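Trainee: The following comprises the amino acid sequence and a computationally predicted model.
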Amino acid sequence: MGKKLKNAQKLALVLATGFGTGYCPGAPGTAGAALGLVVGWLLGYLSPALSLFMILFLVMVGIWAGGVTEKTLGQKDPAIIVIDEIAGMTISVWHVDTGWTAFIVLFFLFRLFDIWKPFPVKNMEDMFPGGAGIMMDDVMAGIYANIIWRLGSLFF
């Protein structure tokens with residue numbers, strides 16, 4: 001990244017890396033998910049509709065920032081991009097009202113789905129180009145984690 005970056009590229013890099021969280025050595029995705037857990041907790045104070053709007057806005061920003069950063073760095077989905085983990089984790093905990101135990105379980109569920117990539121999570125990255133591909137597998141992993149938690153809550 002020896003070239004001088006334009007302001008839009010700098011902004012995209014800051015957002016895509018979760019304000020630098022993506023530079024965490026060894027576990028940038030886990031660090032991004034941890035930041036997403038905090039963001040999701042804060043969004044829990046909003047109405048379901050407003051928090052859903054904020055998550056959709058985060059996903060749209062992530063699509064833009066991820067796509068710009070991918071082009072700037074000349075790499076497909078570089079590890080420093082963690083806005084996808086942030087968004088996926090916020091989806092995982094979307095309006096789960098049962099406290100930190102749930103958040104911890106959902107953190108591990110999200111990371112499991114994000115790493116394991118069961119169908120169709122694995123296919124999402126290939127189905128969508130650029131920033132959308134970066135974001136959609138984590139969005140799907142977050143949806144899976146949230147659904148599994150809600151289904152489990154019905155039985156336990």
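Mentor: Right, received. Where do you want to start?

Trainee: how close does Gly44 get to Ala12?
Mentor: Going from Gly44 to Ala12 by CB to CB, to the nearest Å gives 28 Å. Glycine gets a C-beta too; all of them are placed from N, C-alpha and C.

Trainee: same thing with Lys122?
Mentor: Per CB to CB, Lys122 is found 26 Å from Ala12.

Trainee: So which of these two has more stuff around it?
Mentor: Each of Lys122 and Ala12 has its neighbours counted (other CB atoms under 10 Å); Ala12 has more, 25 against 13.

Trainee: Helix, strand, or coil at that one?
Mentor: Following DSSP: H, G, I helix; E, B strand; the rest coil, we place Ala12 in the helix state.

Trainee: so it touches Gly62, yeah?
Mentor: No: at 10.1 Å, Ala12 does not count as touching Gly62 under the criterion of CB atoms under 8 Å.

Trainee: In contact with Leu46, which residues?
Mentor: Under the criterion of CB atoms under 8 Å, 6 or more residues apart in numbering, the neighbours of Leu46 are Met54.

Trainee: Could you pull up phi and psi at it?
Mentor: phi -90, psi 170 (degrees, to the nearest 10).

Trainee: For this structure, which segments are assigned as helices?
Mentor: Counting by DSSP state H, the chain has these helices, from start to end: 7-16, 28-43, 48-73, 83-92, 100-116, 121-127, 130-155.
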